[in-house]
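K.L.:
Next come a sequence and a model predicted from it.
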Amino acid sequence: EFTGEKLDADAKKRWQQIIHPEDRTRVVNLAEAARTEHRPYCAEYRLRRKDGVYCWVMETGIPLQDDAGTFRGYVGSTMDITIAREMDFAISTNEARLRSIFDVMPVGLAVLDNDRKLVSFNQSLQHILKLSDEQLKTGFANRRTYLRADGTPLPPEEFPSTVVQQTGVSIQDVEIGILTEQGEIIWTLVSAEPLPVSQGEVIISVQDISERKRHLMQIESLSQELIHAAEKERAELAGELHDAVGQSLVFATLSLQDCLQAIPGVSAEEKLRIVQPIRKALEKVRNISHRLNPIHLENLGIKLATEDLLHDLQRTGRYEIAANLDALPCKLPGGWNIDFYRIVQEALSNIIKHADARHIEVIAEKTDSGIVVEIRNDGCVEQPDDGSKKRGGMGMLLMRERAKSFDGSVQFSCTPDMFIVRVEIPFSPEHFAF
């Protein structure tokens, strides 16, 4: 019925003629060899249907024997497998297309099994990791040292692929450094996704951000140089104010007092009234000089110098101030003192300039990893760091840059009734003297 051929004495010959010419010799030879050896056979080939269309079929033959074991022929079947073959072809075509896309992607891609062995990977991954095909296949990459974004070693249990295998949750954009055998660090951005079609397998993507990382480090280095240059300029300007302008005002005050002393009939109250503006100007110059170059920072230490800042602010009468700085050490190591002092100074300056605040709190607390100082006010200074709003003005940017000098951080946040500047100082007992 399928072929439209009759089952007569010539059926075998006609059957061979309706096999596709490209398959005929192969199938005939296979069937004859099986018949000679009296063994089963199976063949897939194209057979012409009665409407003239070639379809894929699977023919099977099982040798038939009588009770005496004599070969009597074959019992067989022929099944139309056209749809199955078309599906296989479509799948293999899609796999080839996906493989070509996989290979030409500009980011490194790899599939890892449960044992973190590479099942497959593309050429971009080889290029990024600077490893050969053989090195990747033999697990050479596992012998390298991996680093967190801060440069500390990254243990295998924190690898994105490991975490995804354990949790089944995707991980995006983890910054990881890879230390090569030559001592070079390849900085990468790694994401990992569980493969839904395979139990335990994970696909990872790797972007090379080494160039961007170098540029960022150069920018950070330049910003630190600019901050130090600004501190030097502040110190020089403070010296000029103190030595030149300050001394001139002192001399003017003394000269004016001598002149007033020589004029008869001028009361003491009148003399004070005339001299008072110059004395106030002198006090302002000294205050500006101290703000530009807080020389008392070295004498008093960071804790007392910070308290002194708060006392100056409280004397204005505009704010109610509460402070607990017991967790602060007397001094911070190296140049940390001036950088931390400037952060507090900038935070308080922002409150004065931009916040309609009445209450200010400055609280220092010890944590397992260091010291946290929070500067809170009941006004509103800037939008917080929530990722969707602006990241603040130049003052906030400078605070962040200064915190980098002591490997710390500055975050800004809002509650319904409070704006908070949070300064984190990494803790190392040998660094601090309490």
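P.N.:
Arrived safely.
K.L.:
what about the helices in the stretch 301-434 of the chain?
P.N.:
302-314, 336-354, 394-404 (DSSP state H, counting those that start in this stretch).
K.L.:
tell me what the longest one is packed against?
P.N.:
I take that to be helix 336-354. Judged by 3 or more CB pairs under 8 Å, 6 or more residues apart in numbering; DSSP states H and E, helix 336-354 is in contact with helix 296-300, helix 302-314, strand 359-366, strand 370-377, helix 394-404, strand 418-426. All C-beta spots, glycine's among them, are computed from the backbone N, C-alpha and C.
K.L.:
Quick one, which of those gets closest to Leu332.
P.N.:
helix 302-314 (5.6 Å; CB to CB).
K.L.:
which strands and helices sit next to the closest one?
P.N.:
By 3+ CB pairs under 8 Å, 6+ apart, helix 302-314 packs against helix 296-300, strand 320-324, helix 336-354, strand 359-366.
K.L.:
So what does Glu175 have for phi and psi?
P.N.:
Torsion angles at Glu175 (phi, psi; degrees, to the nearest 10) stand at phi -80, psi 120.
K.L.:
go on, the one 4 residues further on?
P.N.:
Dihedral pair for Leu179: phi -90, psi 120, per degrees, to the nearest 10.
K.L.:
Identify the bridge partners of it.
P.N.:
On the basis of DSSP bridges, Leu179 is bridged to Thr145, Ile185.
K.L.:
And Cys42, by the same measure?
P.N.:
In beta-bridge terms (that is, DSSP bridges), Cys42 pairs with Thr60.
K.L.:
Do you know the pLDDT at it?
P.N.:
In this model, Cys42 is scored at 93, pLDDT.
K.L.:
burial count for it?
P.N.:
12 (other CB atoms under 10 Å).
K.L.:
Leu304 now?
P.N.:
Quick note: Leu304 (other CB under 10 Å) scores 15 neighbours.
K.L.:
list the contacts for it?
P.N.:
Going by CB atoms under 8 Å, 6 or more residues apart in numbering, Leu304 touches no other residue.
K.L.:
From Thr145, how far off is it?
P.N.:
Per CB to CB, to the nearest Å, Leu304 is found 44 Å from Thr145.
K.L.:
just how off-centre is the helix or strand harbouring Trp56 within its chain?
P.N.:
Trp56 belongs to strand 54-65 when assigned by DSSP states H and E. Centroid separation between strand 54-65 and its chain, computed with CA atoms, centre = their mean, to the nearest Å, is 60 Å.
K.L.:
partners of the next helix or strand after it in the sheet?
P.N.:
Using DSSP H and E, the helix or strand that follows strand 54-65 in sequence is strand 71-80. Strand 71-80 pairs in its sheet with strand 54-65 (antiparallel), by DSSP bridges.
K.L.:
Buried residues, the partner strand. List them.
P.N.:
Within strand 54-65, the residues that count as buried by 16 or more other CB atoms under 10 Å are Tyr54, Cys55, Trp56, Val57, Glu59, Gly61, Pro63.
K.L.:
same thing with stretch 136-148?
P.N.:
Buried, per 16+ other CB under 10 Å, within stretch 136-148: Leu136, Ala141, Tyr146, Leu147.
K.L.:
Show me the helices in the stretch 1-150 of the chain, by range?
P.N.:
11-17, 21-37, 82-104, 123-129, 133-137.
K.L.:
Comparing those helices, which yields the minimum mean pLDDT?
P.N.:
Of all those, the minimum mean pLDDT falls on helix 82-104 (a mean of 75).
K.L.:
Which elements pack onto the host helix or strand of Gly177?
P.N.:
Assigned by DSSP H and E, Gly177 belongs to strand 171-179. Counting contacts by 3+ CB pairs under 8 Å, 6+ apart, strand 171-179 packs against strand 145-147, helix 160-167, strand 185-194.
K.L.:
Point out where the stretch 251-400 of the chain drops to low pLDDT.
P.N.:
Counting by pLDDT under 70, the stretch 251-400 of the chain has low-confidence residues at 290-291, 293, 295-296, 334, 380-393.
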